[in-house]
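>>> The sequence and its predicted three-dimensional model are supplied below.
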Amino acid sequence: MNIDFNKNEDHNKLLLSDLKKKLLQVYKGGGEKRIEKHHAKGKMTARERIAYLLDKGNSIEIATFAGHNMYKEHGGCPSGGVIVKIGYVSGKQCVVVANDATVKAGAWFPITGKKNLRAQEIAMDNRLPIIYLVDSAGVYLPMQDEIFPDKEHFGRIFRNNAQMSSMGITQISAVMGSCVAGGAYLPIMSDEAIMVDKTSSIFLAGSYLVKAAIGESIDNETLGGATTHNTISGVADYKAKDDKDALDKIKKIIAKIGDYDKAGFNRIKATKPKLNEEDIFGILPDLRHEPYDMHEIINRLVDNSEFEAYKADYGKTLICGYARIDGWAVGIVANQRKMVKNAKGEMQFGGVIYSDSADKATRFIANCNQKKIPLVFLQDVTGFMVGSKSEHAGIIKDGAKMVNAVSNSVVPKFTIIIGNSYGAGNYAMCGKAYDPRLIVAWPSANLAVMSGASAAKVLLQIETASLKKKGETITKKQEDALFNKIKNRYDNQISPYYAASRIWTDAIINPLNTRKWISMGIEAANHAPIKKSFSMGILQV
């Protein structure tokens, strides 16, 4: 191993170690004391409930870092106050959503709503059964204006409940604590609802509000406890004696669901990469602007390290080709990060999309749609090539064709942000706005309009020009201080944790788990047969 490999390996493994430390902190939810109080009530935590419900084996967690370093003035909201996992219940792949009552009694912050909608979007896109483990005090009132009335707010949850019901997607709810006000509709709009005796309740208004509103004195258990809703109102379908009993009932219900229609994506017996996957840590540079050969990454992600390149000698700054990941046939579109030479003998910058690269990718994406092959995008992109030569060659037109192909693709898309994800390159390489079924980042990822240094230079030029217009001057020392201030602020915003906290990505993952995420994602997508034909509409050719 050379010096650069060892240096890269040390750097990337430190990033991974930092990820693991942050995850351990997030897993504590509202903290040890609140967990103890939760246990004292005879209740399992959200993570304990999911662990008991899911079969042992593979599972992936969505938006673990939702709310990370947000809402500090409100005491924070770890994981957005809700845990979301894709895993297996009685052998069937499902989405599980569990309110974390150790975080503000499971109250809904704005990010909680966004995370719940993302969970439902995954269930709807892939036609997966979805299970809700409800234990929530409802909307977090100090921020009600940011969670209550808009299209992508709290009410959209119930609209999605209704939509999923009409689509035939199974929805099961277990009320394992509070379920109040508007939130009370969620379990009742599910196919079947379970309530835990003595610890769960469902009502539009609790006893205090009932007293204030109509003067009636009544306790919460009589008003809307498990016995009331199983014997009097008929709101619930099953009464469980405790959390485990409720979860066991869910397992039995899911076990009886019939088989699903399949999309029919091609899969054979999986083989591991021939090349050592751990080498990824040494291949990936410690600095985002340094070049490397993306083929070396691909060969450590795909089965048997076999990759069939498409148009290998054309449009070299984008690598396109076919491979298998955990047995699934995939089409890969990846940014080449080393300098390459085009057919004219001209050098092209790695990580930049040129006209010929965009043209190649457009054709390849169309081919994958024709063959019903899922697409995997490996992002390390700084954007499209700029300058008069590129503009005169029609880079905007070719870039638009690629964006059109990505936008109209009907096969499932999966995006892995390995390094840079800047500007329009993020869009063309299937960023969050282009509906990837799953989008994850490695700890080495950066997401922004441009790099921190580039943004700082632009903003500094604007700032100094503004000062000069006012007749003011700025010294070199002041200029450097202003540059560093702008760059530090911007660098914080391009962090993968900043993106993950806002659910611009579904997760920050260990690179060695990439194959698992893609495989489980394609398995989920296989539940949803493709019913649309691929069409790119009107294009300037």
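That came through, no problem.
>>> can you name the farthest residue from the center of the protein?
Distance to the chain centre peaks in the chain at G471, reaching 48.4 Å (criterion: C-alpha atoms, centre = their mean).
>>> State the distance from it to L209.
Applying C-beta to C-beta, to the nearest Å, the value for G471 to L209 is 62 Å. From N, CA and C alone the C-beta is placed, and that goes for glycine too.
>>> next one: A119
Counting by C-beta to C-beta, the gap from A119 to L209 is 29 Å.
>>> related to what we said a few turns ago, let me know the helix or strand that the residue farthest from the centre of the chain is in.
Here G471 is covered by no helix or strand, with elements defined by DSSP states H and E.
>>> State the pLDDT value of it.
On pLDDT, G471 comes in at 82.
>>> For it, what are phi and psi?
phi 80, psi 10 (degrees, to the nearest 10).
>>> next one: I508
For I508, the backbone dihedrals (degrees, to the nearest 10) come out as phi -110, psi 120.
>>> circling back to that earlier point, between A119 and L209, which is the more surrounded one?
Comparing A119 with L209 by other C-beta atoms under 10 Å, the one with more neighbours is A119, at 24 against 13.
>>> Assign that one to one of the three secondary structure states.
The three-state label given to A119 by DSSP: H, G, I helix; E, B strand; the rest coil is helix.
>>> who are the neighbours in contact with it?
62, 84, 95, 97, 130 (C-beta atoms under 8 Å, 6 or more residues apart in numbering).
>>> Extract the CA atoms of whichever strand or helix holds E523 and return them as CSV.
Using DSSP H and E, E523 maps to helix 514-525. In CSV, the C-alpha atoms belonging to helix 514-525 read as follows (Å, rounded to 0.1, in the frame of the first residue of the first chain):
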residue,chain,number,x,y,z
THR,A,514,-23.9,0.3,0.2
ARG,A,515,-24.6,-3.1,-1.3
LYS,A,516,-27.2,-3.9,1.4
TRP,A,517,-29.0,-0.6,0.9
ILE,A,518,-29.2,-1.0,-2.8
SER,A,519,-30.3,-4.7,-2.6
MET,A,520,-33.0,-4.0,0.0
GLY,A,521,-34.1,-1.0,-2.1
ILE,A,522,-34.5,-3.0,-5.3
GLU,A,523,-36.3,-5.8,-3.3
ALA,A,524,-38.8,-3.1,-2.1
ALA,A,525,-39.2,-1.7,-5.6
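>>> Can you verify my assumption that I86 contacts R118?
No: taking C-beta atoms under 8 Å as the definition, I86 is not a contact partner of R118, at 11.5 Å.
>>> Show me which of these two is the more surrounded one.
For I86 and R118, the more surrounded residue by other C-beta under 10 Å is I86, and the numbers stand at 26 against 19.
>>> partners of that one in the sheet?
I60, V95 (DSSP bridges).
>>> again with I325
Bridge pairing for I325 - DSSP bridges - gives W328.
>>> For it, which residues are in contact?
Taking C-beta under 8 Å, 6+ apart as the contact definition, I325 lies against 301-303, 376, 515, 518-519, 522.
>>> Type out the PyMOL command that picks the buried ones from the residues you listed.
To isolate the buried subset of the contacts of I325 in PyMOL, counting by 16 or more other C-beta atoms under 10 Å, use the following:
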select buried, resi 301+302+303+376+515+518+519+522
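>>> Just send the contacts of I325 back as JSON lines, with distance to L460 and pLDDT too.
What follows is the contacts of I325, written out as JSON lines (distance: C-beta to C-beta, whole Å; pLDDT from 0 to 100):
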{"residue": "L301", "distance to L460": "39", "pLDDT": "98"}
{"residue": "V302", "distance to L460": "43", "pLDDT": "98"}
{"residue": "D303", "distance to L460": "48", "pLDDT": "98"}
{"residue": "V376", "distance to L460": "38", "pLDDT": "98"}
{"residue": "R515", "distance to L460": "42", "pLDDT": "98"}
{"residue": "I518", "distance to L460": "40", "pLDDT": "98"}
{"residue": "S519", "distance to L460": "45", "pLDDT": "98"}
{"residue": "I522", "distance to L460": "45", "pLDDT": "98"}
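>>> Strands of the stretch 51-200 of the chain, start to end?
Applying DSSP state E, counting those that start in this stretch to the stretch 51-200 of the chain gives strands spanning 60-62, 82-89, 92-99, 130-136, 171-179, 192-196.
>>> In terms of pLDDT, where does F483 sit?
Reported pLDDT for F483: 83.
>>> Now do it against S201, distance only.
F483 is 57 Å from S201, by C-beta to C-beta.
>>> higher neighbour count, those two?
The residue with more neighbours, out of F483 and S201, is S201; 23 against 17, by other C-beta under 10 Å.
>>> Not counting sequence-adjacent ones, nearest residue to that one?
Computed as C-beta to C-beta, 6 or more residues apart in numbering, the closest residue to S201 that is not its neighbour in sequence is G224, at 4.7 Å.
>>> Equivalent analysis for I319, please.
The spatially closest residue to I319, leaving aside those adjacent along the chain, is A334, at 4.4 Å (C-beta to C-beta, 6+ apart).
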